[in-house]
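> Have a look; sequence and predicted model below, questions after that.
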Amino acid sequence: MLPVELIDDNGIMLKKCVMQLIECWELSDDFKNWVEEACIFTSTLVDRIVTGYPRATEAEEWEKLGYEDRIMVTGEPFALWVIESDKDIREELPLDKAMTDMPGMDVIFTDNQKPYKQRKVRILNGAHTSFVLAAYLTGKDIVRDSMQDDDIRNFMLKTIYEEVLPTLSLPEEELRTFAGEVVNRFNNPYVDHALLAISLNSVSKWRARCMPSFLGYVEKMGKLPVHLTFSLAALMAFYTGTEIRGKALIGHRDGQEYNIMDDMTVLEFFRDNSEKETREFVAAFLGREDFFGQNLNEVAGLTDAVTAYLEDIKTNGMRAALCRIS
């Protein structure tokens with residue numbers, strides 16, 4: 001069984017669901033034993049950026065194909081599928097061999113996918129979450145354009161190589177190779193990955209993708225990681241707004257509105273606190289244990305640092321504040 005749902009331990013969760021249905025449907029013990037003994041439920045990790053239907057170029061793509069395809073999607077050439085199983089199943093299911101003529105299509109069989117998941121979440125997803133909100137407020141709209149901006153690119157590179165990689169457990173050469181692939185993927189000329197699409201639910205994303213690197217760096221280095229700390233201030237600047245319209249908090253960039261999408265609890269917090277004095281605003285946000293699982297004001301120096309960065313963004317604009325640390 002090879003589930004691909006984007007949840008932790010998807011194989012374990014699938015087996016749990018199957019076993020619950022066996023009980024619910026009062027199926028035989030023989031069937032239950034067969035599922036337990038003869039079936040392998042793998043946990044998998046899929047890593048590929050897929051941006052959806054290519055609406056802007058659909059006619060051109062149809063012409064290439066010779067027919068109309070209304071369910072095609074745009075995806076990057078890079079793809080990684082990590083399959084975790086207690087039993088080695090590569091002989092029964094030699095997917096890695098099937099992919100040998102497709103460059104970039106890697107299948108890894110392992111008994112522990114967690115280091116690969118950690119690598120992907122902290123480097124690829126963590127990079128996205130740490131720079132996209134700042135990039136949007138400098139006037140960028142897609143990832144590729146952001147990567148061709150020296151200030152944003154330098155910010156992203158320093159975040160990955162100086163602050164994220166030192167907190168990971170896989171061999172350094174392997175991590176640096178993967179990081180290089182990530183940078184190349186962000187520059188893909190055929191994928192228009194919208195920053196606003198990545199911005200969805202950024203508070204929970206920061207907790208899942210950036211906070212482990214942030215706290216790991218603090219523990220290992222005994223100081224704050226500058227760029228991950230700045231990313232918190234950038235998040236607060238992006239989420240600044242006083243009106244909820246429908247299911248979105250309304251933000252403003254250069255006089256134009258944009259929609260901030262997150263859980264209503266998050267949106268209501270920013271609506272009710274955005275106009276407070278900067279330090280009070282920061283302390284209230286970092287103190288939300290329901291957002292972060294802990295009170296981040298207790299991290300030495302963090303409240304002061306985020307306050308200073310956010311004040312700089314408010315006073316001088318995102319570009320100027322970003323340049324000061326890039």
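The structure has been received and is ready for your questions.

> Can you name every helix or strand that the helix or strand bottoming out on mean pLDDT in the chain contacts?
None of the helices or strands of the chain scores lower by mean pLDDT, DSSP states H and E than helix 95-98, at a mean of 79. On a contact count with 3 or more C-beta pairs under 8 Å, 6 or more residues apart in numbering; DSSP states H and E, helix 95-98 meets strand 105-110. C-beta coordinates here come from the backbone N, C-alpha and C atoms, glycine included.

> Show me what the strand it packs on is packed against.
Strand 105-110 packs on strand 79-84, helix 95-98, going by 3+ C-beta pairs under 8 Å, 6+ apart.

> For the shortest one, list the C-alpha coordinates in CSV.
The C-alpha atoms that make up helix 95-98 are tabulated as CSV, following Å, rounded to 0.1, in the frame of the first residue of the first chain:
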residue,chain,number,x,y,z
LEU,A,95,10.2,1.6,-9.1
ASP,A,96,13.8,3.0,-8.9
LYS,A,97,14.8,0.9,-11.9
ALA,A,98,11.7,2.1,-13.9
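
> buried sites along that helix?
Using 16 or more other C-beta atoms under 10 Å as the test for burial, helix 95-98 gives Leu95.

> do the first one as well
Residues of strand 79-84 classed as buried: Ala79, Leu80, Trp81, Val82, Ile83, Glu84 (neighbour count, 16+ other C-beta under 10 Å).

> Leu65 and Val82: what is the separation?
Using C-beta to C-beta, to the nearest Å, Leu65 is found at 31 Å from Val82.

> Hmm, I typed the wrong one, I wanted Thr265.
Counting by C-beta to C-beta, the separation of Thr265 from Val82 is 33 Å.

> Same question for Ile313.
Ile313 is 38 Å from Val82, by C-beta to C-beta.

> Also Asp272?
Taking C-beta to C-beta, one finds Asp272 at 42 Å from Val82.

> Show me what secondary structure element comes after the host helix or strand of Arg271.
If you go by DSSP states H and E, Arg271 is part of helix 264-273. Per DSSP H and E, helix 264-273 leads on to helix 278-286 as the next helix or strand towards the C-terminus.

> residue contacts, Lys276?
By C-beta atoms under 8 Å, 6 or more residues apart in numbering, the contact list for Lys276 reads Ala284.

> And the pLDDT for Pro103?
We have a pLDDT of 56 for Pro103.

> Now Gly75: closest residue in space that isn't a chain neighbour?
Nearest residue to Gly75 in three dimensions, chain neighbours excluded: Val50, at 4.2 Å (C-beta to C-beta, 6 or more residues apart in numbering).

> and that neighbour, how many residues sit next to it?
Neighbour count of Val50, defined by other C-beta atoms under 10 Å: 12.

> ok, which stretches of the stretch 51-200 of the chain are helices?
All helices of the stretch 51-200 of the chain, identified by DSSP state H, counting those that start in this stretch, fall at 58-65, 95-98, 114-119, 126-137, 143-147, 150-158, 172-186, 195-198.

> what angle do the fourth one and helix 172-186 make?
I take that to be helix 126-137. Between helix 126-137 and helix 172-186, the angle comes out at 40 degrees (axes from the mean of the first three to the mean of the last three C-alpha atoms, to 10 degrees).

> Nearest spatial neighbour of the most centrally placed residue in the chain, chain-adjacent residues omitted?
Nearest to the geometric centre of the chain sits Asn125, at 2.8 Å (C-alpha atoms, centre = their mean). Sequence neighbours aside, Arg209 is the residue nearest to Asn125 in space, at 4.4 Å (criterion: C-beta to C-beta, 6+ apart).

> Quick check: the gap between the one you found and Arg245.
Spatial separation of Arg209 from Arg245 under the definition C-beta to C-beta is 28 Å.
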